[in-house]
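A.B. asks: I'd like to go over a predicted model; first the sequence, then the structure.
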Amino acid sequence: MEFLTTETLTEIEVINNALENEGLENISSESEIKRLGEGAWHFAYMIDKEQLVLRIPKKVAYDKKVVFNREELITEYASTKTFYKQANKAKKGICPEHFEFFVNKELTYTIETYVGKSIGLGDQTTKQSKRYGRELGEFFLALENLNPPYKGLGYLKMGEKGEIKGELEMDLREFILEETKEYQDELDELLSSPYAFNKEKVIKAGKDLISVRSIDREKIILTNQDTSPENIIFSMNGARIIDPYPLLYTGTSLAANYVFNYQTFFHTVHDTLRYRKNNYHLHIHQLRANAEGFIEGYTSGSKQKRKDLKVEVFLKILTMAYTHYQLLNKETLNREEIIRYGTKGQLEERLQIYLKELEKYPSD
């Protein structure tokens, strides 16, 4: 177990240094260490007495040594803190109420409110899964009523004066139009590929859907790209979001990202190193019920919202198919690509799935 620190310390020493730094009581023995598990980037520990979760970054992630970068870590943690505040304005209690962080070469950690134990997908009925999805859809819709706390557009970075902002400084309408052209280029490249699929049908769907993409109805909001089941606590009291990937973009696009992931993506990547421990292919019914509920909650009876979301989901399938096509055209895959997407054989199988999804996607 290696932590992102220049110090040579034991697990209990690193934990106690963080607790001491927060003015909290130390744990006295290794038997008191309560491991909650680990993500790709952090080890997580339960601090029982205060009902807090301590996360400490790992020295190795995706089989690569992590280089300490103060600016990136502060941006990541500060934006998480801001997202939690913004999220709790949209729906009280959906994220941890308390979140603090400390970044130093010798000691880096985050500490936040424990929001409860999660009911695994396999232990959920499809009715429960749909209810959780509906709650999260309603939450994503509520986020669109809040003005963004940062300037700019896109992924977050630290500015020259230490402020956090979107990496892009451009008009949203201009950006969506430019992005839409890129989607069309991806579609054209797939259509000219040697892969056999019903290209006439996909051409029609692309023409019908891309041409009516929502542009003037969109606004920039602070939203969340990472809503995998790993980062959602499906508690007895409702869904809770932890460990977000905040960014400044449109609500419709990120709502579609959620729908695509739960309807299609998660169960199709069950055989990758990144996702295999979750066995998503065994829980397709729960994942799809969650997506169905999300659509209901997010669109809230609006036919226009449902149409706009439908277009964006098509674009998510399209760009994932294109990503797979591009990876297959690479001479060799790097280690991170293999961890995230699998071998070329797995990419080939998955591309066929996505092409079939594009074929059968309704355009009317």
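C.D. replies: Arrived safely, thanks for sending.
A.B. asks: which residue ranges of this structure form helices?
C.D. replies: 11-21, 70-90, 126-143, 172-191, 199-210, 251-260, 266-268, 284-299, 303-328, 335-341, 344-360 (DSSP state H).
A.B. asks: mind putting those helices into JSON lines with distance to residue 108, mean neighbour count and mean pLDDT?
C.D. replies: Any C-beta I mention is one placed from the backbone N, CA and C, and that applies to glycine too. Converted to JSON lines, these look like this (distance: least, Cβ to Cβ, whole Å; neighbours: other Cβ atoms under 10 Å; pLDDT from 0 to 100):
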{"stretch": "helix 11-21", "distance to residue 108": "9", "mean neighbour count": "18", "mean pLDDT": "95"}
{"stretch": "helix 70-90", "distance to residue 108": "6", "mean neighbour count": "18", "mean pLDDT": "97"}
{"stretch": "helix 126-143", "distance to residue 108": "29", "mean neighbour count": "21", "mean pLDDT": "98"}
{"stretch": "helix 172-191", "distance to residue 108": "33", "mean neighbour count": "15", "mean pLDDT": "97"}
{"stretch": "helix 199-210", "distance to residue 108": "43", "mean neighbour count": "17", "mean pLDDT": "96"}
{"stretch": "helix 251-260", "distance to residue 108": "28", "mean neighbour count": "24", "mean pLDDT": "98"}
{"stretch": "helix 266-268", "distance to residue 108": "30", "mean neighbour count": "21", "mean pLDDT": "98"}
{"stretch": "helix 284-299", "distance to residue 108": "33", "mean neighbour count": "22", "mean pLDDT": "98"}
{"stretch": "helix 303-328", "distance to residue 108": "31", "mean neighbour count": "20", "mean pLDDT": "98"}
{"stretch": "helix 335-341", "distance to residue 108": "22", "mean neighbour count": "17", "mean pLDDT": "93"}
{"stretch": "helix 344-360", "distance to residue 108": "34", "mean neighbour count": "17", "mean pLDDT": "97"}
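A.B. asks: what's the closest of those to residue 42?
C.D. replies: Residue 42 lies closest to helix 70-90 among the helices of the chain, at 10.6 Å (Cβ to Cβ).
A.B. asks: can you pull the contacts of the residue nearest to the spatial centre of the chain?
C.D. replies: Central residue of the chain (Cα atoms, centre = their mean): residue 226, 1.0 Å from the mean position. For residue 226, the contacting residues are 243, 244, 245, by Cβ atoms under 8 Å, 6 or more residues apart in numbering.
A.B. asks: what about 7 Å?
C.D. replies: By Cβ atoms under 7 Å, 6 or more residues apart in numbering, the residues touching residue 226 are 244, 245.
A.B. asks: measure it to residue 108 for me?
C.D. replies: Separation of residue 226 from residue 108 (Cβ to Cβ, to the nearest Å): 20 Å.
A.B. asks: endpoints of stretch 105-113, how far apart?
C.D. replies: Length of stretch 105-113, first residue to last, Cα to Cα, to the nearest Å: 24 Å.
A.B. asks: with stretch 59-68 instead?
C.D. replies: Stretch 59-68: ends 9 Å apart by Cα to Cα.
A.B. asks: just stretch 204-221 next, same as before
C.D. replies: Across stretch 204-221, first to last residue, Cα to Cα, it's 31 Å.
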